[in-house]
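# Fold the following, please.
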Amino acid sequence: MSRDTTLAQAALGDLSLLKQTALVLAGSLLIAVAAQFSVFIGPVPLSLQTLAILTVGFALGARLGAATLIVYLGQGAMGLPVFSAGGAGVAYMMGPTGGFLLGFVAMAWLAGWAADRGLARRALPAILVALVASAIIYIPGLIWPAVTLGTEWSALWAGWMAPFLAGDAIKSVIAALAVSGGLAAFRRRA
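Prediction:
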C-alpha cells in the first residue's frame with residue numbers, strides 16, 4: 001500500500017495511534033454535525049450524514065472508517081444527540097431508522113476498503129464505489145422496519161427508498177470527487 005492511499009495518509013503521513021484516535025473522533029463529530037442538517041420527508045430523514053460517512057470512509061480507509069462509525073454509534077447509544085434532529089439513545093437506535101444506522105458501518109468500511117486499494121485516487125472508480133456503498137445501506141435499512149414494524153415492501157419503496165435515491169447519488173458523486181480531488185492535489189504537491 002502506497003503512502004498516499006487514503007487522504008489521511010497523504011495529508012498526515014504515518015498515522016500514529018494519537019493521530020488515528022484524533023481522526024476517528026473528528027470523523028464522528030463531522031458525521032454528527034452532518035446529521036443535524038436534515039429534513040424529515042417520511043419516516044426516514046434526508047440528511048447530509050451519508051455524504052459525511054462516505055467522505056470519512058474514503059479519507060480514513062476501511063479500518064478507521066468503520067471504527068469512526070462504531071464510535072459514532074456508541075456516542076449515540078450513550079445518549080449524545082448525534083443522530084438526525086438531535087436523536088440519541090438506544091431507544092432511538094432501535095427505532096425505525098435502526099437498520100440504516102447499522103448500514104452506515106458497512107458504508108464507511110466499503111468506501112475505506114476501496115480507498116485502501118487505491119480506488120479513490122480517480123474520480124470514476126470512486127464514484128462507482130460510493131454509489132454501491134450508498135446502495136448497501138438500504139439492505140439493513142429496509143429489512144429493519146420490515147421485520148420490526150411489519151412495514152410492507154411497497155411502503156418501504158415509496159417512503160424509505162425512492163425519495164432518497166437521487167440525493168444519495170448526488171452525495172456519492174460529491175464525496176468521491178472531493179476525496180479523489182484531494183488526493184490528486186497531494187500528488188501534485190509531492
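# Pull the number of nearby residues for Ala66.
Per other CB atoms under 10 Å, the neighbour tally for Ala66 reads 24. Bear in mind the C-beta positions are built from the backbone N, C-alpha and C, glycine included.
# Near the closest residue to it other than its chain neighbours, how many other residues are there?
Nearest residue to Ala66, sequence neighbours excluded (CB to CB, 6 or more residues apart in numbering): Trp109, at 4.2 Å. For Trp109, the tally of surrounding residues (other CB under 10 Å) stands at 20.
# how about Trp109, phi and psi?
Main-chain torsions, Trp109, degrees, to the nearest 10: phi -60, psi -50.
# show me where the protein has strands.
Under the criterion DSSP state E, the chain contains strands at 38-40, 45-47.
# how about these in CSV, adding mean pLDDT?
Below are those laid out as CSV (pLDDT from 0 to 100):
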stretch, mean pLDDT
strand 38-40, 86
strand 45-47, 88
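# Mean neighbour count, those strands: which tops it?
strand 45-47 (a mean of 19; mean count of other CB atoms under 10 Å).
# Within its sheet, name the partner strands of it and how each one runs.
The strands beside strand 45-47 in its sheet (DSSP bridges) come out as strand 38-40 (antiparallel).
# hmm, back to that, what does the pLDDT read for the residue nearest to Ala66?
If you check Trp109, the pLDDT there is 98.
# Distance of it relative to Leu69?
As judged by CB to CB, to the nearest Å, Trp109 and Leu69 stand 8 Å apart.
# cool, and Gly76?
Counting by CB to CB - Gly76 and Leu69 are separated by 10 Å.
# Val44 now?
In terms of CB to CB, Val44 sits 18 Å off from Leu69.
# Can you give me the pLDDT of Arg189?
For Arg189, the predicted pLDDT is 82.
# Near it, how many other residues are there?
Counted by other CB under 10 Å, the residues lying close to Arg189 total 7.
# Over to Ile143?
With other CB under 10 Å as criterion, Ile143 counts 14.
# Just the pLDDT for it.
Per the predicted model, pLDDT is 97 at Ile143.
# Isn't it up against Gly99?
Yes - contact criterion CB atoms under 8 Å: Ile143 and Gly99 qualify, at 5.9 Å.
# hang on, the earlier thing: mind putting the strands of the chain in a markdown table, distance to Val82 included?
Output for these, formatted as a markdown table (distance: least, CB to CB, whole Å):
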| stretch | distance to Val82 |
| --- | --- |
| strand 38-40 | 12 |
| strand 45-47 | 12 |
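# From one end of stretch 28-43 to the other, what's the distance?
24 Å (CA to CA, to the nearest Å).
# quick one: low-confidence parts of this protein?
Applying pLDDT under 70 to the chain flags residues 1-4, 190.
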